[in-house]
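# got a predicted structure here, sequence first:
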Amino acid sequence: MTPTDPLRPLRRLLIGHGALLIFTGGVIGFGFLFHLIGAIKLWPFPGVIEFQMPGSYKAWRMSHLEALLNGSIIWLIAALLPQLPFTVTGLRRITWGIIFTGWTLVAGSMCDALFPDSRGLAANAVLTNNIAFGLFYVGILVVMAILALIAWRSLRPEPRST
């Protein structure tokens with residue numbers, strides 16, 4: 001990645017958001033830990049706050065891993081960006097679409113961990129569930145469109161150079 005590389009700003013953006021998502025996964029990991037032990041303890045700091053974090057084991061694990069995996073995938077995309085068959089404008093759109101998707105999926109999974117009956121699998125009468133559903137729905141549609149476009153562009157024959 002040279003200073004004159006036109007993809008440098010996009011790759012840095014992907015690397016930065018990937019790092020933020022992985023960091024967020026670490027923060028969510030503390031919530032997961034506190035859920036598991038049924039209290040808020042931060043060794044070596046003294047004291048314990050007796051508090052059972054809401055949600056389930058599965059919801060906290062999913063949220064934690066969702067952030068770690070999305071951040072890692074965004075780093076992978078940063079590495080692959082120069083190989084994708086798009087103009088710089090197309091790569092800019094893909095970059096923002098992937099960043100948007102990474103954050104929507106993590107935010108949606110956090111709804112399940114923090115609010116009862118908010119898995120987001122289908123719309124219902126619970127507001128937080130509908131927020132999760134909307135985040136998942138939009139995020140998944142965006143990433144599926146991006147992946148279909150990448151597959152289509154990458155698998156079609158390259159134009160002949162004359």
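Received, thanks.

# what ranges do the helices span in this structure?
Here the chain has its helices, by DSSP state H, at 8-37, 57-80, 88-114, 127-155.

# count the residues that sit near the nearest residue to Leu10 once chain neighbours are set aside.
Spatial nearest neighbour of Leu10, excluding adjacent residues (C-beta to C-beta, 6 or more residues apart in numbering): Thr95 at 4.6 Å. Where C-beta positions appear, they are placed from N, C-alpha and C, glycine not excepted. Residues lying near Thr95 (other C-beta atoms under 10 Å) number 22.

# quick check: Asn7 vs Leu14, distance?
Wrong residue type there; residue 7 is Leu, not Asn. Separation of Leu7 from Leu14 (C-beta to C-beta, to the nearest Å) stands at 10 Å.

# what's the answer for Ile77, then?
6 Å.

# ditto for Gly26
For Gly26, the distance to Leu14 (C-beta to C-beta) stands at 19 Å.

# who's more crowded, the two?
Leu14 (26 against 12).

# let me see the contact set for the closest residue to the more buried one other than its chain neighbours.
Closest residue to Leu14 apart from its sequence neighbours, by C-beta to C-beta, 6+ apart: Ala78 at 3.7 Å. In this structure, Ala78 makes contact with 11, 14-15, 18, judged by C-beta atoms under 8 Å, 6 or more residues apart in numbering.

# most neighbours, which of the residues you listed?
Going by other C-beta under 10 Å, Leu14 tops the contacts of Ala78 with 26 neighbours.

# surely that residue meets Ile99?
Yes. With contact defined as C-beta atoms under 8 Å, Leu14 reaches Ile99; the gap is 7.1 Å.

# what residues are shared contacts of the two?
Ile74.

# what sits against the closest residue to Leu149 other than its chain neighbours?
In this structure, Leu149 finds its nearest non-sequential neighbour in Ile94, 7.8 Å apart by C-beta to C-beta, 6+ apart. By C-beta under 8 Å, 6+ apart, Ile94 lies in contact with 77, 81, 84, 86, 146, 149-150.
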